[in-house]
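**Student:** Please find the sequence and the predicted model below.
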Amino acid sequence: MDQNVLDRIKQIVTEHPVVLFMKGTPKFPQCGFSNVAAQVLNACGTEFYAVNVLQDPEIFENLKYYANWPTFPQIYINGELIGGADISKEMYEKGELQQLLACLKQA
């Protein structure tokens, strides 16, 4: 675990209202789960900051320690981990994710 990298992760999730740590990019996901997470955020019509963990080995190795979540993708909203592909898809299907993101637009 590298504290400098954890500090960098914290800076990313606090500077951007919505962050997706994923394998690949939203236009070219390199993992089915990352694709689902990006599609869910796109379906909500929200802008988000994407981090390709395959391009940043330090984040790839240390993100699991940041929020004690071992897998990718990871979605953060207002600095808090929401979850991965399955959780975000379930929240989207229930309308919960849209409500959470709508609060960001009003702020």
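**Tutor:** That came through, no problem.
**Student:** Flag the shaky bits of the chain, pLDDT-wise.
**Tutor:** Along the chain, the model assigns pLDDT under 70 to residues 105-107.
**Student:** where along it do the helices fall?
**Tutor:** 3-15, 32-43, 57-66, 85-94, 96-106 (DSSP state H).
**Student:** Pick the most buried one from the ones you listed.
**Tutor:** Across the helices of the chain, averaging neighbours per residue (mean count of other Cβ atoms under 10 Å) puts helix 32-43 on top, at a mean of 20. (C-beta placed from N, C-alpha, C; glycine too.)
**Student:** Which neighbouring elements make contact with that helix?
**Tutor:** Applying 3 or more Cβ pairs under 8 Å, 6 or more residues apart in numbering; DSSP states H and E, one finds that helix 32-43 contacts strand 18-22, helix 85-94.
**Student:** picking up where we left off before, a markdown table for the helices of the chain, including distance to residue 79?
**Tutor:** Putting the helices of the chain into a markdown table (distance: least, Cβ to Cβ, whole Å) gives the following:
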| stretch | distance to residue 79 |
| --- | --- |
| helix 3-15 | 5 |
| helix 32-43 | 16 |
| helix 57-66 | 11 |
| helix 85-94 | 16 |
| helix 96-106 | 12 |
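**Student:** Go through the ones you listed and name the closest to residue 73.
**Tutor:** With Cβ to Cβ as the criterion, residue 73 lies closest to helix 32-43 of these, at 4.1 Å.
**Student:** tell me the angle the closest one makes with helix 96-106.
**Tutor:** Counting by axes from the mean of the first three to the mean of the last three Cα atoms, to 10 degrees, helix 32-43 lies at 50 degrees to helix 96-106.
**Student:** what distance separates helix 32-43 from the centre of its chain?
**Tutor:** 10 Å (Cα atoms, centre = their mean, to the nearest Å).
**Student:** Kindly report the same for stretch 81-89.
**Tutor:** That offset, for stretch 81-89, works out to 8 Å (Cα atoms, centre = their mean).
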